[in-house]
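[1] Turn this into a model:
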Amino acid sequence: MRGAALPDRGYARPQTLIRTGDSIVVLVFPERGNGQQSYSFHKLRVGPELQLALAEGFARATGPSGSRRTQESAASLYNCLRSFANLIDAENSPPRTLSDLRPSHIAALRLRHTKASQSIVMAIRTTLRANDSLPGPFRDLLYAPMKSARSVGTVASYSESEFRAIRRSARSDIRVALNRVRTMETELTAWLQRGNEDGDAEVARRGHLLEFIAANGDVPRTSSGIVSRHPAHAGSVELLRALFPTLSELTAVIVLMQCLTGQNLSVICALTTVHLRADNQEGEGAVVLTRAQKPRRGRYDAEMDLSFTSMPVWLDEGGIEDKDDYGSPFGLYKIAEELCRRAREFTRTEVLLCAFSDKWRETTLAGLGFRAAKPNPAYWKGWTYKAEHRDFIDTMRLRRTYLEFRQRPVAQKVSTFTDTYLTKDQGSLATYQAVVGAALSDEAARIRATNSIRTLNEEEVRQALKHPESLATHLGLSVGRLQDLLAGRLDTIAAACIDPHNGPHDPAGQPCTASFLLCLSCPNARSEPRHIPVQALLSKQIQARQLDMPSEQWSRRFQVADDQLRGLLIEQRADVDEMALQATEDDLRLIEALLDGRYDV
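    Down below sits the predicted model:
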């Protein structure tokens, strides 16, 4: 990673506020990236004094000590100020100077209670905070506390099938682009190595043309800038578009990267090729470590370390026939690094994602159509994942979908993850309700079943042998069923079952298929004194396995049964150690088979 460097001796901070006649321009030097951006304040529909006041505040906010030092935050601040200027210009008597500003000019924005209106108010606060010429009433209302923004609608996540279709469409576009660029690179390399040796005129014409495009990033043109129509230059535009990734293909890479990482659009667009490999670069388990920035996290948390890991080839959704990994962040990072390599040379930047577009020729470096990716929503209107329905991509929905499926925060606080995303996702409301409903049903069933096993003491057993009718009526059994119970013909290892065809774990009328451990909490189970030795030995065997198993695994399999056995033995006033000695070798074999799962269906 490259560290920060001190300026050279004699360095002077460049002038950012430039006034030339009626022109007022502010230059912004973003703390990330190269170059500068200029913002024209003389074009705002307000008086010159207001233009200058807004420009001065904007220069402070975007300067070294300001709070809007990134390209995106500076552009957002300027757009909010322009919206404010258009709003007050629409009044019957718009203000021309600072002294003309009245509370009514800000009240309309505050009353809307939307995120957009509050963003404009915050932009005015940021810009005019240090201005002492603001009228008192206007300043008081400007800095008065604001209520939370009113929600204007919820963004639902994509369904699983839609999310899968988006990934599949993006992979398809990237695969086509990568194969095309590789084919062109192979052709260019072969030409540079072979030259004119084969004497084929068409091969030579195409090779010279491809070499020119690769070296200049443009097609041959006339002195007036028009594409040359010379026969030797035929097909030059097609070769140019084939050698570099297009805007649509760049969008597909960004979409798939967001599907695989869940990161914000701005974070993905700002990724660079500066990285470290955290593996031995042999076999599986490859990891790329790189840096990213998310200004919304605040001054101290904006810088982030990202790790892009690989995945086994057999798990790749792209299919095992692909030699390229389209299913992991690591694989896509390396694909993007290769796909955009030549375009990156003409942008003169380390930004990972770069592309070519004809529409950028007038606005990019040296008049070439190359530009690094920008989180501009207008880019996404041209890429769809369903050609027949023209379904455009919503990157907010993509991020929300990733968070919903993974159920863990990504570059955000846990409170933000739950309050902003999960609880406001209408697409997941039915799923959450089903999960909560199932959990409540299970808990209610558990509470009803806990300690529901009926125990018989020795006195009840003796009376049943003499007068079975009274105990059978008390237990709701027939005399024959009671006799089967006392004779051991209904035993289920640690208890007896009086109705195996109407248990709580299977449909009524069906034989019970639940584990015999669940008999300890079943309302059809009965325990009598002859079961106590088996129960005592079972309790000791379960506790002994706690020493040989991971605690989480033991808790998941035996914690409930152990608690129920303890309570059952206490209720029957049994001495566990003494009663366990009365169990037979056959009882021990049954218990071991039960705990090993050999009796489970």
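[2] tell me the contacts of the residue located most distally from the centre of the chain?
    Here the chain reaches farthest from its C-alpha mean at Lys466, the gap being 71.0 Å by C-alpha atoms, centre = their mean. With contact set as C-beta atoms under 8 Å, 6 or more residues apart in numbering, Lys466 has no partners. (Glycine included, C-beta is placed from N, CA and C.)
[3] Where does Asp173 fall, secondary structure wise?
    Element membership for Asp173 (DSSP states H and E) is helix 160-194.
[4] In that helix, which residues are buried?
    By 16 or more other C-beta atoms under 10 Å, the buried positions in helix 160-194 come out as 162-163, 166-167, 169-171, 173-175, 177-178, 180-181, 184-185, 187-188, 191.
[5] Can you name every helix or strand that it contacts?
    The contact analysis (3 or more C-beta pairs under 8 Å, 6 or more residues apart in numbering; DSSP states H and E) places helix 160-194 against helix 201-216, helix 236-243, helix 247-261, helix 329-339, helix 395-406.
[6] so which of these comes closest to Leu6?
    Ranking these by their distance to Leu6 (criterion: C-beta to C-beta) puts helix 329-339 first, at 30.6 Å.
[7] Show me the strands in the chain, by range?
    Remark: strands assigned in the chain by DSSP state E are 17-20, 23-28, 37-40, 275-277, 287-293, 303-309, 354-356, 370-372, 454-455, 496-497, 525-527.
[8] So which of the ones you listed is nearest Leu403?
    Closest to Leu403 of the strands of the chain is strand 303-309 (C-beta to C-beta; 16.4 Å).
[9] so where's the stretch 451-600 of the chain uncertain?
    The stretch 451-600 of the chain contains residues with pLDDT under 70 at 451-453.
[10] If I look at Ala430, what pLDDT would I see?
    According to the prediction, Ala430 has pLDDT 61.
[11] ok, what's across the strand from Val288?
    Beta-bridge pairing for Val288 (DSSP bridges): Arg277, Phe308.
[12] In contact with it: list those residues for me.
    Residues near Val288 by C-beta under 8 Å, 6+ apart: 275-278, 307-308, 329-330, 333-334.
[13] Most neighbours of all the residues you listed, which one?
    Of all these, Tyr333 has the most neighbours under the rule other C-beta atoms under 10 Å, reaching 25 neighbours.
[14] Could you give the backbone dihedrals for the residue most central in space within the chain?
    Nearest to the geometric centre of the chain sits Gly262, at 2.8 Å (C-alpha atoms, centre = their mean). When quoted as degrees, to the nearest 10, the phi and psi of Gly262 stand at phi 70, psi 10.
[15] so it touches Glu404, yeah?
    No - contact criterion C-beta atoms under 8 Å: Gly262 and Glu404 do not qualify, at 9.9 Å.
[16] Count the residues that sit near Met257.
    Look at Met257: counted by other C-beta under 10 Å, it has 25 neighbours.
[17] Which residues are in contact with it?
    Each residue near Met257 by C-beta under 8 Å, 6+ apart is listed here: 263, 268, 329, 332-333, 336.
[18] Can you lay out the residues you listed as TSV showing distance to Lys147?
    Shown next, in TSV, are the contacts of Met257 (distance: C-beta to C-beta, whole Å):
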residue	distance to Lys147
Gln263	31
Ile268	33
Pro329	40
Leu332	42
Tyr333	43
Ala336	43
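[19] How about Leu27: what's its closest non-neighbour residue?
    Thr16 (4.7 Å; C-beta to C-beta, 6 or more residues apart in numbering).
[20] before we move on, what about Ser40?
    Val25 (5.5 Å).
[21] before we move on, what about Val253?
    Ala336 (5.3 Å).
[22] if I pick the one you found, what's in contact with it?
    Taking C-beta under 8 Å, 6+ apart as the contact definition, Ala336 lies against 253, 257, 352-353.
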